[in-house]
Every structure is written in C-alpha cells, then in structure tokens.
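1. Dropping the sequence and predicted coords here.
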Amino acid sequence: MITRFTGAAPPYRGGDPYADYRLQDQDAVPFTDLPDLADRRLGGSVVAASDEFFAERENLLRPERPAFDPAAFGHKGKVMDGWETRRRRGPSADRPHPGEDDHDWALVRLGVPGVVHGLVVDTAHFRGNHPRAVAVEGTATPEDGASWTVLVPRTEVGGHAANAFRVAVPRRLTHLRLRQYPDGGIARLRAHGEPVPDPEWLAALGTFDLAALENGGRAEDASDRFYSPPVHTIHPGRPRTMAEGWETRRRRDRGHDWLRYRLAAQGVIRAVEIDTGSYKGNAPGWAALSVRDADGADGADRETDPAGGWREVLPRTALQPDTVHRFVLPAAAPPATHARLDVYPDGGIARLRLYGSLTPEGARHLAGLARRLAG
Ligand SMILES: NC(=O)NC(NC(N)=O)C(=O)[O-]
C-alpha cells in the first residue's frame, strides 16, 4: 500500500468538502500517470454487486471527481456519489455485529484489458460510512469457477481518502472484484495500468488505429497538461466538449506544444486523422507528424542523428477549428513504434487516429506479450 489512511474522517462541518480530503503527495502515487483501464469512457462497467441500497454501483467508474451536496437527500437516505451498501447486522440480539468475514462485493469489467500496476480505492465524502477494509482480485476468466488472483490483500483503509495500492501482478486482466469489509461506501475505483490488446483481434482487423488506447497505444508524454491530459486524444469516439480532448494553456514564449505516443507495436501508418473537434477559438494553427522506430536498425544511429531518429511523415500543415482532418501518407512511410504530433504554436487536439498495420515483427511482439501475460 502506498498511502496509509485508516479510520473515519471528521464529520462534514460546511465549506469546501475537499478541504480535509486525505490524499498523500501525488508524486507518491506515480502510477496515476498510466491510463485508468476501468474508465467508463473506455467501456468499463460494474456488472454486478452484492448490494447497492444507498448508492448505485455504476458511480464507481465515473471519470469525474466525486461530488458532495450536503443538502441532497432522497427516499433511500443521503445522496452519495459512489457505491454504498446498507449496514450489515449480526444474526441475533446477542450477536448484533456482522461476522468477521462478512462483506460486500462489486464486479468490474475493465474497459480495456491489460496489466494493472496500481489501484486507487477512493472513499471521498464517505467519512463515517466508509468500509473498514478492502480487498481486490483480478481475473481474465470471469465465468463461474474463475480463478481470481489477489491484487490487494484485505487491508484497512480510511474514510474520505485516496487509498492507493501498488500492484505487481504481471497478468493480462479483464475483470476485477472489489470487496469491502463489512459494508459501506466507496466513491471511485481507479485501475491504472498498461493496455494489452488481443493479437488475434488485431490480426483479423488488419488495418486499425495504431495509437488507440483500446488497441494498446499509449500517450507517453506531452508538453502541457494544463487543462486536460494527453490520453484523451486516444480515447474511443468523438469528444462532446472541449474538456474531453487535450488542450494546452496559451503559450507566451516562442516554442510550440507536442504529444508523444507509443504505438500498439511496430507498424506502418498509412492514414492520419487529426481532429480539432470543439476547439474553435483555440485550435492549433498548424500540425506536423513524425515517427520513430525504437525497434529498427536505425535505432543505433539515434545518438548521432540530430533529429533523434524522428522522421517527418506529415509536414507542417494548416489546421481548421472544430474539424476532422484526413491525410493519406506516402506509400513509403517508414515502420514505427512511436509517433509525435507537433502543434504550432499551442491549442487543442481532440483526437489523433493513426491508421495502419503491424509489421511482422510488431505482430510477433504482441503475440509473445499476450502469451507471457496469459499466466
Ligand atoms: N448519513 C449517511 O450517509 N447515512 C447512511 N448513508 C446514506 N447514504 O444515507 C449510512 O448509514 O451510512
């Protein structure tokens, strides 16, 4: 466990409900840079729960920060932005307390299967009604009789806190089981990790988006994360608002902003879609795309190459606001494992789609990875 919070938080006394929220220094939770594989926007779902009397299980995967309205009460009690079960009782008048192992559970299907490196069990706003302890298991075979691997053993947690756990289980998981002892409320569950695509599916598709998170792509880094994170650009679908893309702050220097991606595996990009959807007064003026092959023979020359191994495949090109731009790349585009989008001078990018196919080397790499992580 990374954070060490236990016990209840003080009752809410008015003012900012986050003023006394317990979150250790973000730097102590390094895995939150990795995408949340359970994110609802990626298709994550809470498919079942033992109980959800006070608050619905689906709240667990909502992407936004949990909200608290002190005045909101419904027919079932205080309206809570999380998953909250009723209070458990013992079997009889002389044994009024729940048994030692009594607990509630929720079953989560990840939006994107992959290796989970860290979990956050967020009890925001559950101050006197948070669980005493939690446990999390994972599997890739959720049907009856599935074998579950322990990711987090039963551990005491605190109320109104970000309870963070490092996970060291090198397996491709599709489902998680969250247990709370003996009952209570959990606002959010975040499962940060690396997506691991199904190589058979990608082979059947042939040509697909090599950058998409659901296909195993990653937004590795970006020049700016002021308004929104770079991972948004490889989410599925089109964004409905500016908040669902990647937007930089206004630059006041002579530089420019950029996004760097790791592709699903070594592949050849043939068609590029740059979407400035919703960015109307703040779309970049121009964009250029470069690729690099970290697996290829030219890797050795990278140290001496002034471009660091990057090859431009789309020269600096004007962009329109709120538009999907499509570019067909020259037939001779080089194989690549990474891509970089430079935007000039700053602005918002809603989505980047890099359609292409795996090289035989890339396909072999993904098949080997899936085999090793099948466990
Ligand atoms: N004030 C509460 O939150 N009480 C109860 N919970 C809800 N949601 O009403 C409870 O028993 O935990």
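-> Yep, it's here. Numbering: from 1, shown residues only.
2. For the residue in the chain that the ligand sits nearest to, grab phi and psi.
-> Closest residue of the chain to the ligand, C-beta to the nearest ligand atom: residue 77 (2.6 Å). For every residue, glycine as well, the C-beta is placed using N, CA and C. Here is the backbone geometry of residue 77 (degrees, to the nearest 10): phi 130, psi -150.
3. Tell me how many other residues surround it.
-> Close neighbours of residue 77, defined as other C-beta atoms under 10 Å, add up to 13.
4. ditto for residue 146
-> 13.
5. show me what contacts it?
-> 139, 175 (C-beta atoms under 8 Å, 6 or more residues apart in numbering).
6. Kindly confirm my reading that it is in a helix.
-> No - judged by DSSP: H, G, I helix; E, B strand; the rest coil, residue 146 forms no part of a helix; its state is coil.
7. Quick check: nearest residue in space to residue 58, chain neighbours excluded?
-> Using C-beta to C-beta, 6 or more residues apart in numbering and skipping residues adjacent in sequence, the residue nearest residue 58 is residue 46, 5.6 Å away.
8. The one you found pairs with what?
-> residue 108 (DSSP bridges).
9. Could you tell me how many residues sit around it?
-> Residue 46 has 22 nearby residues by other C-beta under 10 Å.
10. From residue 113, how far off is it?
-> 16 Å (C-beta to C-beta, to the nearest Å).
11. What parts of the stretch 1-150 of the chain come near the ligand?
-> 54, 77-78, 80, 84, 87, 129 (C-beta under 6 Å from any ligand atom).
12. go with 5 Å
-> 54, 77-78, 80, 129 (C-beta under 5 Å from any ligand atom).
13. export those residues to JSON lines and tack on distance to residue 11?
-> Output for these, formatted as JSON lines (distance: C-beta to C-beta, whole Å):
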{"residue": "54", "distance to residue 11": "17"}
{"residue": "77", "distance to residue 11": "16"}
{"residue": "78", "distance to residue 11": "12"}
{"residue": "80", "distance to residue 11": "15"}
{"residue": "129", "distance to residue 11": "11"}
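14. Which single one of these is nearest to residue 332?
-> residue 80 (57.5 Å; C-beta to C-beta).
15. ok, the closest one - contacts?
-> Per C-beta under 8 Å, 6+ apart, neighbours of residue 80: 54-55, 59, 68, 125-126, 185, 187.
16. ok, now with 7 Å
-> Taking C-beta atoms under 7 Å, 6 or more residues apart in numbering, we find residue 80 in contact with 54-55, 125, 185.
17. Looking at those, which one is closest to residue 294?
-> So of the contacts of residue 80, ranked by how close each gets to residue 294 (C-beta to C-beta), first place is residue 125, at 43.9 Å.
18. Surely the residue nearest to residue 58 touches residue 59?
-> No - the criterion here is C-beta atoms under 7 Å, and residue 46 misses it with residue 59 at 8.5 Å.
19. Residue 79 versus the residue nearest to residue 58, what's the distance?
-> For residue 46, the distance to residue 79 - C-beta to C-beta - is 18 Å.
20. for residue 291, same thing?
-> Counting by C-beta to C-beta, the separation of residue 291 from residue 79 is 49 Å.
21. for residue 321, what are its contacts?
-> 276, 279-280, 283.
22. Report the two of those separated the most.
-> Spanning the widest gap among these are 276 and 280, at 8.4 Å by C-beta to C-beta.
23. residues near residue 173, how many?
-> 26.
24. Which strand residues bridge it?
-> What pairs with residue 173, by the bridge criterion (DSSP bridges), is residue 114.
25. I figured it was touching residue 117, is that so?
-> No - between residue 173 and residue 117 there is no contact under C-beta under 7 Å: 11.2 Å.
26. which neighbours do those two share?
-> The contact sets of residue 173 and residue 117 do not overlap (C-beta under 7 Å, 6+ apart).
27. circling back to that earlier point, tell me which of the contacts of residue 321 is nearest to residue 326?
-> Using C-beta to C-beta, the shortest approach to residue 326 within the contacts of residue 321 belongs to residue 276, at 12.5 Å.
28. show me the contacts for that closest one.
-> Per C-beta under 7 Å, 6+ apart, neighbours of residue 276: 283, 319-323, 348-350.
29. can you redo the residues you listed as TSV with secondary structure, distance to the ligand and pLDDT?
-> Below are the contacts of residue 276 laid out as TSV (DSSP: H, G, I helix; E, B strand; the rest coil; distance: C-beta to the nearest ligand atom, whole Å; pLDDT from 0 to 100):
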residue	secondary structure	distance to the ligand	pLDDT
283	coil	44	98
319	coil	48	98
320	coil	48	98
321	coil	45	98
322	coil	42	98
323	coil	46	98
348	strand	38	98
349	strand	40	98
350	coil	37	98
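30. wait, residue 152 sits on residue 119?
-> Yes - using C-beta under 7 Å, residue 152 is in contact with residue 119, at 6.1 Å.
31. Can you show me the helices along this structure?
-> 199-205, 360-372 (DSSP state H).
32. What residues sit buried inside the longest one?
-> To tie it back to what came earlier, the one meant is helix 360-372. For helix 360-372, the neighbour count (16 or more other C-beta atoms under 10 Å) marks 362-363, 365-367, 369-370 as buried.
33. Distance from that helix to the middle of the chain?
-> Helix 360-372 has its C-alpha centroid displaced from the chain centroid by 23 Å (C-alpha atoms, centre = their mean, to the nearest Å).
34. cool, and stretch 141-161?
-> With C-alpha atoms, centre = their mean, you get 19 Å for stretch 141-161.
35. start to end distance for that stretch?
-> Using C-alpha to C-alpha, to the nearest Å, one end of stretch 141-161 lies 31 Å from the other.
36. same question, stretch 228-236
-> End to end - C-alpha to C-alpha - stretch 228-236 spans 16 Å.
37. Then stretch 234-252?
-> From its first residue to its last, stretch 234-252 covers 27 Å (C-alpha to C-alpha).
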